[in-house]
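Visitor: Next comes the sequence, and after it the predicted model I'd like to discuss.
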Amino acid sequence: MVHTETSTAKKTFADTMEKFIDLCSKRLPDDVYAKLKECGEAEESPMQKVIYDAYFENLEQAKKMNTPCCQDTGLLHFYLTAGTGFPWLDVVEEGLREATRKATCSVPLRPNTVNWFEERNTLDNTGERMPWIHWDLVPGNEDLEVVTFFAGAGCCLPGSSRVFKPSDGYGAIIKHVFEAVSNLGINACPPLIVGIGLGHNVENAALLSKKAYLRPLGTRHPHPKGAKLERDILDGLNKLGIGAQGLRGNRVTLEVNIESSGRHTATIAVAVNVSCYTHRRGVIRFYKDLTWEILTHKGATL
Ligand code: SF4
């Protein structure tokens with residue numbers, strides 16, 4: 001009996017996630033679409049206007065033709081915030097793998113996942129530790145929130161993490177961010193969402209930078225100095241004169257978000273992670289009876 005309940009729950013969860021992956025591959029979340037509109041309107045050059053018109057035409061065609069809005073559907077990442085009281089924790093990972101496998105066929109998604117040591121494409125976007133799944137547990141809660149993200153290659157290229165000595169100064173961190181965006185940002189189809197992690201070593205800063213760009217646009221770091229740093233870096237990056245698709249323009253970034261943690265007295269670490277204009281980030285919340293609510297795409301149905 002328990003076995004049947006678990007199998008049914010896994011199927012329900014996987015089927016819902018397959019449909020949610022489909023939605024997120026074809027339609028941008030509301031906050032990203034609105035921010036993209038705002039940035040397009042801030043551009044003045046005829047070339048920038050042509051590019052933004054092409055971006056919106058592309059998004060419109062994706063909707064009409066029911067097809068992904070970029071050919072690089074990336075690698076699937078799932079960031080989970082799970083209540084310890086959510087009754088179906090055991091089926092989540094297998095359900096996400098199943099949803100990824102099925103969505104690769106049904107959406108369809110480009111098979112992008114390659115096994116490192118065999119140099120072989122797995123053809124269904126699953127494989128060693130893929131899809132990428134990250135868990136955060138919340139005691140005393142019964143819901144599961146799933147952030148779905150499509151990590152395209154162009155967006156991954158500018159990512160980098162460095163650990164400095166405090167004697168290098170906070171300026172070293174700012175320089176690192178500006179170098180990452182100005183050297184490789186154009187690979188990621190600007191305007192970009194720039195996530196910055198401030199911590200004490202490489203993996204802690206890298207994880208924070210990822211969480212930073214998954215944050216809803218328009219939210220600010222809770223510390224006033226962190227919020228000011230976000231605004232200052234955003235303004236500074238936009239003065240580089242890089243616009244959409246790396247051509248001259250007023251906005252290389254849609255948004256800059258920072259996440260931070262305590263640091264060691266003797267280290268300052270920074271990581272940068274960027275995402276592109278097709279920032280395919282979707283958030284869905286499951287309740288304990290596996291009913292769900294989509295938080296990022298208003299009016300969407302599955
Ligand atoms: S950077 Fe983004 S929009 Fe550009 S090709 Fe990659 S996934 Fe597509």
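Guide: On my side now, so go ahead. Numbers count the residues shown, from 1 in each chain.

Visitor: list the buried ones in the helix or strand I21 falls within?
Guide: I21 is part of helix 2-26, with elements assigned from DSSP states H and E. For helix 2-26, a neighbour-count test (16 or more other C-beta atoms under 10 Å) marks 9-10, 12-14, 16-26 as buried. Every C-beta, even on glycine, is put in place using the N, C-alpha and C of the backbone.

Visitor: from these, which single one is nearest the ligand?
Guide: Set against the ligand, the nearest of the buried residues of helix 2-26 by C-beta to the nearest ligand atom is S25 (10.6 Å).

Visitor: That closest one reaches R280, doesn't it?
Guide: Yes: shown here, S25 and R280 form a contact pair, counting by C-beta atoms under 8 Å, at 6.3 Å.

Visitor: Would you list the phi and psi of the residue lying closest to N204 once chain neighbours are set aside?
Guide: Excluding the flanking residues, the one nearest N204 by C-beta to C-beta, 6 or more residues apart in numbering is S261, at 6.0 Å. The phi and psi values for S261, taken as degrees, to the nearest 10, are phi -140, psi 170.

Visitor: OK, contacts around S261?
Guide: 198-200, 204, 208 (C-beta atoms under 8 Å, 6 or more residues apart in numbering).

Visitor: Of the residues you listed, which is the most crowded?
Guide: G199 (25 neighbours; other C-beta atoms under 10 Å).

Visitor: Look up the pLDDT of the closest residue to that residue other than its chain neighbours for me, please.
Guide: Nearest non-adjacent residue to G199, counting by C-beta to C-beta, 6+ apart: A205, 4.1 Å away. Predicted confidence (pLDDT) at A205: the value is 98.

Visitor: Please tell me I have it right and A205 contacts A271.
Guide: Yes: assessed by C-beta under 8 Å, A205 is found in contact with A271 at 3.8 Å.

Visitor: ok, and for whatever helix or strand A180 lives in, which residues are buried?
Guide: Here A180 sits within helix 170-184, counting by DSSP H and E. Residues of helix 170-184 classed as buried by neighbour count (16+ other C-beta under 10 Å): 173-174, 176-178, 180-181, 184.

Visitor: what residues does this structure put near the ligand?
Guide: Proximity of the chain to the ligand, by C-beta under 6 Å from any ligand atom, involves residues 70, 72, 74, 152, 154-155, 188-189, 276-278.

Visitor: Run through the stretch 1-150 of the chain and note the low-pLDDT ranges.
Guide: For the stretch 1-150 of the chain, the stretches with pLDDT under 70 are 1-3.

Visitor: Which parts of the stretch 51-200 of the chain are strands?
Guide: Here the stretch 51-200 of the chain has its strands, by DSSP state E, counting those that start in this stretch, at 75-83, 114-115, 120-121, 132-138, 144-151, 160-164, 192-199.

Visitor: Tell me which of the ones you listed sits nearest to A34.
Guide: Of all the strands of the stretch 51-200 of the chain, strand 192-199 sits nearest to A34, with 13.1 Å by C-beta to C-beta.

Visitor: how far out from the middle of the chain is that closest one?
Guide: With C-alpha atoms, centre = their mean, to the nearest Å as the basis, strand 192-199 stands 11 Å off its chain's centre.

Visitor: now swap in stretch 248-265 and tell me
Guide: So, by C-alpha atoms, centre = their mean, the centroid of stretch 248-265 is 14 Å from its chain's centroid.

Visitor: Pull the contacting residues for the closest residue to L75 other than its chain neighbours.
Guide: In this structure, L75 finds its nearest non-sequential neighbour in A151, 4.8 Å apart by C-beta to C-beta, 6+ apart. Taking C-beta under 8 Å, 6+ apart, we find A151 in contact with 74-77, 132.

Visitor: Next, the angle strand 160-164 makes with the helix holding A180.
Guide: Using axes from the mean of the first three to the mean of the last three C-alpha atoms, to 10 degrees, one finds that helix 170-184 and strand 160-164 are set 160 degrees apart in direction.

Visitor: Which one of the contacts of S261 is nearest to Y55?
Guide: L208 (28.9 Å).

Visitor: Check the residue nearest to that closest one when sequence neighbours are not counted and give its pLDDT.
Guide: Residue nearest to L208 in three dimensions, not counting chain neighbours: G197, with 3.0 Å by C-beta to C-beta, 6+ apart. pLDDT recorded at G197 is 98.

Visitor: Thanks a lot, catch you later.
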